[in-house]
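# Take a look and give me a structure for this.
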Amino acid sequence: MYWTFQCWSAAGNFRFDFAVIQFVSDVGMYILITHLYRNFANKNRWQNLSLKKLIWRMLIVIPVMGIFYLLVTISKLYLVRLLFLSHPSQSFTEFFSINAPGILVAGIRLMAIWLLAYHLYHYAKREIRLSVENARLELSIKQSQLDNLSAQLNPHFLFNALNNIKSLLYTRPDAAGRAIDLLSELLRNGLYKGSAMLIRLNEEVDLVRDYLELECLRMEERLNYDLDIDISLSGLMVPRLCIQTLVENGVKHGIALEKHGGKIEVMIKEYDGFVNIRVLNPGKLEQDKTVAGIGLHNLKERLDLSYHHRASFSLYEMGQKVCSEIKIPIR
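Numbers count the residues shown, from 1 in each chain. Below is the predicted model of the structure:
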């Protein structure tokens, strides 16, 4: 548009070949300048910065790119003059001193406009992506809550728990009271934890401990459990119900199917920058049902969304036991 305007306004002094070279060189140079900046910004992950942090960097980058624009543009203009004018009327020093202020201001203006458009575009894309991911994650959490309540409130589980409490009322009143407290705590945590996606590890472990204690009252000597947890990790934030999902799966598909029951082992340690959560229970994997469970599939999706595929979930055999394992990066 600029060179077309020059053509219209220059009357008979306009040279088409001169304008084509100017146009092509302008396009090439300015794409190169902005592409170099794009590579620099991507390398330093500026696309992931907050708007406030990005603005401060722009206040430095815009003048720098304006100066770079000035040097490239004025060198190109003078070189083209040398090629098309056999005897240029000005030396480079004179040409620079006369044209530099205007070109610098134009460069700062153009670079500011381009940077604003570029980063607003990527900022909008990021916000849309994060909104979609957060919506999916919230939906996944809600589904996890429903799955958890379904596992705890299905008629078989609730019938057994209440019958167990009823029998304990006559033989072990204190145990019956404790069972009611545990059942109430489980229901309260399932229903009234709000929309929190992450909770502290020690809170998740307390929930698991209540669940296992209630199951011990129901299954008596058929169920034992052992918790081996690194207390230094207590404050780590983990997805809600992630450990309890593994424990429930171990009780339902492991202990409950064994004639003499067995032991649930929960081990939480740190290895190589990851928190390693393992739940072991007796039994064997059915190859066609390794990842078929809705709760486990839901857990894997929540891990992928929460940690951008850096966390992992696996289910495998370890001798005569089945191991459910979660690895979460320490942020």
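# Give me the below-cutoff pLDDT ranges for the stretch 151-300 of the chain.
Confidence mapping of the stretch 151-300 of the chain against pLDDT under 70 gives the ranges 151-158, 160-161, 189-196, 287-294.
# got a list of what Ile277 touches?
238, 242-243, 246, 266-268, 325-328 (Cβ atoms under 8 Å, 6 or more residues apart in numbering). (C-beta placed from N, C-alpha, C; glycine too.)
# Spell out which helix or strand contains it, please.
Assigned by DSSP states H and E, Ile277 belongs to strand 274-282.
# rewinding a little: which single one of the contacts of Ile277 is nearest to Glu213?
Val266 (13.1 Å; Cβ to Cβ).
# secondary structure element for the closest one?
Applying DSSP H and E as the criterion places Val266 in strand 262-271.
# In strands, which of the contacts of Ile277 appear?
The strands, defined by DSSP state E, take in 238, 266-268, 325-328 from the contacts of Ile277.
# What subset of these is buried?
Neighbour counting by 16 or more other Cβ atoms under 10 Å classes 238, 266-268, 325-328 among those as buried.
# circling back: in the following helix or strand past the strand holding Ile277, which residues are buried?
On the C-terminal side of strand 274-282, the closest following helix or strand by DSSP H and E is helix 294-307. Residues of helix 294-307 classed as buried: 295-296, 298-306 (neighbour count, 16+ other Cβ under 10 Å).
# Stretch 94-101 now?
95-96, 99.
# and which of those residues is nearest to Asp226?
Of all the buried residues of stretch 94-101, Phe96 has the smallest distance to Asp226: 78.9 Å, by Cβ to Cβ.
# my guess is the closest one meets Ile74, correct?
Yes. Using Cβ atoms under 8 Å, Phe96 is in contact with Ile74, at 5.9 Å.
# CA atoms of the helix or strand in which Ala176 is found as CSV?
When elements are assigned from DSSP H and E, Ala176 belongs to helix 173-191. Provided in CSV are the C-alpha atoms of helix 173-191 (Å, rounded to 0.1, in the frame of the first residue of the first chain):
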residue,chain,number,x,y,z
PRO,A,173,-21.3,-50.4,71.0
ASP,A,174,-18.1,-48.3,70.9
ALA,A,175,-17.2,-49.9,67.6
ALA,A,176,-20.7,-49.2,66.2
GLY,A,177,-20.3,-45.5,67.2
ARG,A,178,-17.0,-45.4,65.5
ALA,A,179,-18.4,-47.0,62.4
ILE,A,180,-21.1,-44.4,62.2
ASP,A,181,-18.6,-41.6,62.6
LEU,A,182,-16.4,-43.0,59.8
LEU,A,183,-19.4,-43.5,57.5
SER,A,184,-20.5,-39.9,58.2
GLU,A,185,-17.0,-38.6,57.5
LEU,A,186,-16.8,-40.4,54.2
LEU,A,187,-20.2,-39.1,53.1
ARG,A,188,-19.3,-35.6,54.3
ASN,A,189,-16.0,-35.6,52.4
GLY,A,190,-17.7,-37.0,49.3
LEU,A,191,-20.6,-34.4,49.3
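# Okay, and the beta partners of the closest residue to Asp226 other than its chain neighbours?
Sequence neighbours aside, Glu265 is the residue nearest to Asp226 in space, at 5.1 Å (criterion: Cβ to Cβ, 6 or more residues apart in numbering). Here Glu265 sits in beta bridges with Asp226, Leu280, going by DSSP bridges.
# need the contact list for Glu265.
Glu265 makes contact with 225-226, 228, 278-281, according to Cβ under 8 Å, 6+ apart.
# next one: Leu169
Ala176.
# follow-up on the earlier one: so can I have TSV of the ones in strands among the contacts of Ile277 showing distance to Asp174?
Shown next, in TSV, are these (distance: Cβ to Cβ, whole Å):
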residue	distance to Asp174
Val238	33
Val266	26
Met267	31
Ile268	31
Glu325	37
Ile326	35
Lys327	40
Ile328	38
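# what helix or strand is Asp228 on?
Judged by DSSP H and E, Asp228 forms part of strand 223-229.
# on contacts alone, who are the packing partners of the longest helix along the chain?
Identified as the longest helix of the chain according to DSSP state H is helix 92-153. Judged by 3 or more Cβ pairs under 8 Å, 6 or more residues apart in numbering; DSSP states H and E, helix 92-153 is in contact with helix 16-43, helix 51-84, helix 173-191, helix 242-253, helix 294-307.
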